[in-house]
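Next input, structure requested:
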Amino acid sequence: MTGEELYERARSAAERAYAPYSEYRVGAAVLTRDGHVFEGVNVENAAYPLGVCAEKAAIAKAVSDGYKPGDLEAIGITASPCGGCRQWLWEFRLDRVTFRDGSGAVVTRTPAELLPDAWGLPA
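Numbering: from 1, shown residues only. Got it, this is the predicted structure:
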């Protein structure tokens, strides 16, 4: 599955986001190395720090089904990932991240390009 296809899955998922405060809906679709796709959306909370990002939701769904770092190949996200999510993407060893950047272009980057000098991976 291409980055653009994952991005389109993420766009579709974003419609299900729970964003009553910001109305900024984000979707994500993560592809596993064995071909499964897990979708996630942002889920806001009135206490803003308690919200969940779409990419974390998608990765958490994959983990709850038994996937581990190294099992995830790529992700499509409808927005540029925040710093915390960039660490998640790096730690789960994804090969590529496709998202809409600040100029509106859909681009593909590696987690290392998005987060140089990331914290180490678990042993």
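
Low-confidence regions, this protein specifically.
Screening the chain residue by residue with the criterion pLDDT under 70, one finds the ranges 121-123.

Taking the centroid of it, which residue is nearest it?
The centroid of the chain falls nearest to Glu55 when counting by Cα atoms, centre = their mean (2.6 Å).

buried ones in the helix or strand harbouring that one?
Following DSSP states H and E, one finds Glu55 within helix 54-64. Buried residues in helix 54-64, counted by 16 or more other Cβ atoms under 10 Å: Ala54, Glu55, Lys56, Ala57, Ala58, Ile59, Lys61, Ala62. In short, each C-beta sits where N, CA and C put it, glycine included.

Assign a three-state SS to the residue lying closest to Tyr48 once chain neighbours are set aside, would you?
For Tyr48, ignoring the flanking residues on the chain, the nearest one in space by Cβ to Cβ, 6 or more residues apart in numbering is Tyr21 at 7.5 Å. Classification of Tyr21 by DSSP: H, G, I helix; E, B strand; the rest coil places it in coil.

So Tyr21 sits against Ala47, correct?
No - distance between Tyr21 and Ala47: 10.3 Å, which falls outside the contact criterion (Cβ atoms under 8 Å).

more crowded one of these two?
Here Tyr21 and Ala47 are compared on neighbour count by other Cβ atoms under 10 Å; more neighbours surround Tyr21, at 11 against 7.

residue contacts, that one?
Tyr21 sits next to Glu44, Ala46, Tyr48 when contact means Cβ atoms under 8 Å, 6 or more residues apart in numbering.
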